[in-house]
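Chemist: sequence first, predicted model second:
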Amino acid sequence: MRVSVLGTGYLGATHAACLAAWGHQVVGVDPDEDRIGTLATGRAPFREPGLDDLLREGVSSGRLIFDTALDAARDAEVHFVCVGTPQCADNHAADLTALWRLVDDLAPMLDSPCVVVGKSTVPVGTASRVGDRLRGRAPAGGDVEVAWNPEFLREGCAVQDSLCPDRLVLGVENDAAQLRLREVYAGMLADGVPLVVTDLATAELAKVAANTMLAARISLVNLLAEVCEAAGADVADLATVLGFDERIGSSFLSPGLGFGGGCLPKDIRAFAARAEELGVSRSTDLVHAVDAVNMRQRSRAVQKTRDLVGSDLRGARLCVLGAAFKAGSDDVRDSPALDVATRLHGAGADVVVHDPLALPNAERAHPELSYEADVTRACTDADALVVLTDWDDYAALDPVALSQVVRHARVMDGRLAIDAEKWRAAGWDVRAMGR
Ligand code: UDX
């Protein structure tokens, strides 16, 4: 089938590569010339395991092409909308500028029957407005179908999550659009991926609902971490106990610095903003509390570091271990680690940041901090280490060897990433979130 993918950020680039792998003829369109230039050579403009291979295969097979001109998408039978919907600069709602610009540019080109499928995360109600606007402006009029097909991919496993998702959600207005999308995803459906066919509004909500549930779990476990600290209990053991309860399960129960990244924070805020627009404002207190508990972990991490080095951070040399918003990624968007590093720097500390992958992105976002790619050099002469991303590399550090290079053997573990007993045995003063 001829398909287009409009917007080739994280979501769009991965989706385009997967569509080509399923045998479709795909054109990826994005106005960003650098991004399209990189993708056209079969490489991803960001780090994502397995994606380069898939892009290379697609491009060399001729099934996957990229273009900066929307006109290249003219002949597609199905258009996937994958533009970004960031948080508005001045409030918590989603900024739909890119979406509406695309809809207005696309409409005049739609002169034959087609399906426009939203994958971007949008406030509930947007899909039906997109449909009205496209049908009102497109030469094909009522022959333009609109569907919503949310994406649940996680950075670091985006290819796997796209090729073998744990569910496929199709929000449709009628059977014609559903049949078209079943053709697009025929391979995946034959493999037995569970399918939920629903209306547009439910499909739009699916993504923000999932992210709100995940965020709530993390904030709940972090609330428990605070109580553990106050009560002298151990949150890691407590999470293990909870995880054995089948009704609760163990995933997304890792306590620490809390959630960040390009999705969870902005999605829960946009969800609350939209719920309030719809008149559901009393109960959104719960979502605001999830956000507040999450942001509080960052202040707690700063306070714990301050307690560790003495009351004043001014002049203290701190080695921050981790800049990415989570292990396995080079993404620093709304990274809790970088936020804490910046706050420590703002409090007068001399901060050196290490990360196995994210240093170039971190340096671009926060040029005011110092960076060091070699972990031993980063730790040298430190008054304290501050572990802020849960990289396995940090769990594997040798506390005995490091105690020889630091000025003071002190560590604040914001991700419960290191073996506290082992570090204490090597003479370190260890503080951790929730212990
Ligand atoms: C998330 C959703 O998981 C995914 O389904 C959606 O499509 C996009 O948003 P992602 O942003 O890649 O994916 O990251 P995720 O793995 O969900 O982690 C989000 C944040 O939560 C990270 O900062 C991570 O460190 C933190 N986290 C995660 C915790 O603090 N504790 C946990 O137990 C799990």
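Modeler: Great, that's in hand.
Chemist: drop to CA atoms for contacts and neighbour counts, all remaining ones
Modeler: OK.
Chemist: buried residues, stretch 403-414. List them.
Modeler: Using 16 or more other C-alpha atoms under 10 Å as the test for burial, stretch 403-414 gives 403, 405-406, 408-414.
Chemist: any chance of these in TSV, plus secondary structure and distance to the ligand?
Modeler: Output for these, formatted as TSV (DSSP: H, G, I helix; E, B strand; the rest coil; distance: C-alpha to the nearest ligand atom, whole Å):
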residue	secondary structure	distance to the ligand
Ser403	helix	27
Val405	coil	28
Val406	coil	27
His408	coil	28
Ala409	coil	26
Arg410	strand	23
Val411	strand	19
Met412	strand	16
Asp413	strand	13
Gly414	coil	10
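Chemist: closest one of those residues to Asn222?
Modeler: Taking C-alpha to C-alpha as the measure, Asn222 sits nearest to Gly414 out of the buried residues of stretch 403-414, at 11.2 Å.
Chemist: isn't the closest one right up against Met433?
Modeler: Yes: if you go by C-alpha atoms under 8 Å, Gly414 and Met433 touch, sitting 5.4 Å apart.
Chemist: which neighbours do those two share?
Modeler: Both Gly414 and Met433 are in contact with 256-257, 301, where contact means C-alpha atoms under 8 Å, 6 or more residues apart in numbering.
Chemist: among the residues you listed, which lie within strands?
Modeler: Within the shared contacts of Gly414 and Met433, no residue falls in strands by DSSP state E.
Chemist: just the ones in helices from the residues you listed, please.
Modeler: Per DSSP state H, helices hold the following members of those: Ala301.
Chemist: right, and the ligand sits closest to which residue of the stretch 301-435 of the chain?
Modeler: Closest to the ligand within the stretch 301-435 of the chain is Lys326: 4.2 Å, counting by C-alpha to the nearest ligand atom.
Chemist: so Lys304 sits in a strand?
Modeler: No: remark: Lys304 does not belong to a strand; assigned using DSSP: H, G, I helix; E, B strand; the rest coil, it is helix.
Chemist: could you point out the longest helix in the chain?
Modeler: helix 200-231.
Chemist: what is that helix packed up against?
Modeler: helix 126-137, strand 144-148, strand 168-171, helix 235-243, helix 264-277, helix 285-309 (3 or more C-alpha pairs under 8 Å, 6 or more residues apart in numbering; DSSP states H and E).
Chemist: who in the stretch 51-200 of the chain is up against the ligand?
Modeler: 151-155 (C-alpha under 6 Å from any ligand atom).
Chemist: could you pull out the helices for the stretch 301-435 of the chain?
Modeler: For the stretch 301-435 of the chain, applying DSSP state H, counting those that start in this stretch gives helices covering 336-346, 359-365, 375-379, 392-395, 399-403, 420-425.
Chemist: could you pull out the strands for the stretch 51-200 of the chain?
Modeler: Applying DSSP state E, counting those that start in this stretch to the stretch 51-200 of the chain gives strands spanning 64-67, 78-81, 114-118, 144-148, 168-171, 195-198.
Chemist: turn those strands into JSON lines, including mean pLDDT and mean neighbour count.
Modeler: Putting those into JSON lines (pLDDT from 0 to 100; neighbours: other C-alpha atoms under 10 Å) gives the following:
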{"stretch": "strand 64-67", "mean pLDDT": "98", "mean neighbour count": "25"}
{"stretch": "strand 78-81", "mean pLDDT": "98", "mean neighbour count": "24"}
{"stretch": "strand 114-118", "mean pLDDT": "98", "mean neighbour count": "25"}
{"stretch": "strand 144-148", "mean pLDDT": "98", "mean neighbour count": "26"}
{"stretch": "strand 168-171", "mean pLDDT": "98", "mean neighbour count": "23"}
{"stretch": "strand 195-198", "mean pLDDT": "98", "mean neighbour count": "15"}
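Chemist: would you list these in TSV and tack on distance to Gly261?
Modeler: TSV is the format used below for these (distance: least, C-alpha to C-alpha, whole Å):
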stretch	distance to Gly261
strand 64-67	27
strand 78-81	21
strand 114-118	21
strand 144-148	23
strand 168-171	23
strand 195-198	27
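Chemist: so which of the ones you listed comes closest to Val124?
Modeler: Nearest to Val124, of these and by C-alpha to C-alpha, is strand 144-148 at 10.7 Å.
Chemist: other residues contacting that closest one?
Modeler: 110, 112-119, 127-128, 130-131, 134-135, 138, 170-173, 177, 200, 203-204.
Chemist: before we move on, what about stretch 342-353?
Modeler: 302, 313-323, 341, 366, 369-372, 378.
Chemist: and that stretch, average pLDDT?
Modeler: Stretch 342-353 carries an average pLDDT of 98.
Chemist: also stretch 421-435?
Modeler: 96.
Chemist: what comes up buried for it?
Modeler: Under 16+ other C-alpha under 10 Å, the buried positions of stretch 421-435 are 423-424, 426, 428-435.
Chemist: how far does it sit from its chain's centre?
Modeler: How far stretch 421-435 lies from its chain's middle: 30 Å, per C-alpha atoms, centre = their mean, to the nearest Å.
Chemist: end-to-end on that stretch?
Modeler: 12 Å (C-alpha to C-alpha, to the nearest Å).
Chemist: residues in contact with it?
Modeler: For stretch 421-435, contacts defined as C-alpha under 8 Å, 6+ apart pick out 222, 224-229, 232-236, 255-257, 301, 304, 308, 399-400, 403, 409-416, 420.
Chemist: Ile248 touches Ala239, doesn't it?
Modeler: No: with contacts counted by C-alpha under 8 Å, Ile248 stays clear of Ala239, the gap being 10.1 Å.
Chemist: which one's more surrounded, the two?
Modeler: Ala239 (20 against 11; other C-alpha atoms under 10 Å).
Chemist: which residue is the nearest non-sequential neighbour of that one?
Modeler: Spatial nearest neighbour of Ala239, chain neighbours left out: Leu253 (6.3 Å); criterion: C-alpha to C-alpha, 6 or more residues apart in numbering.
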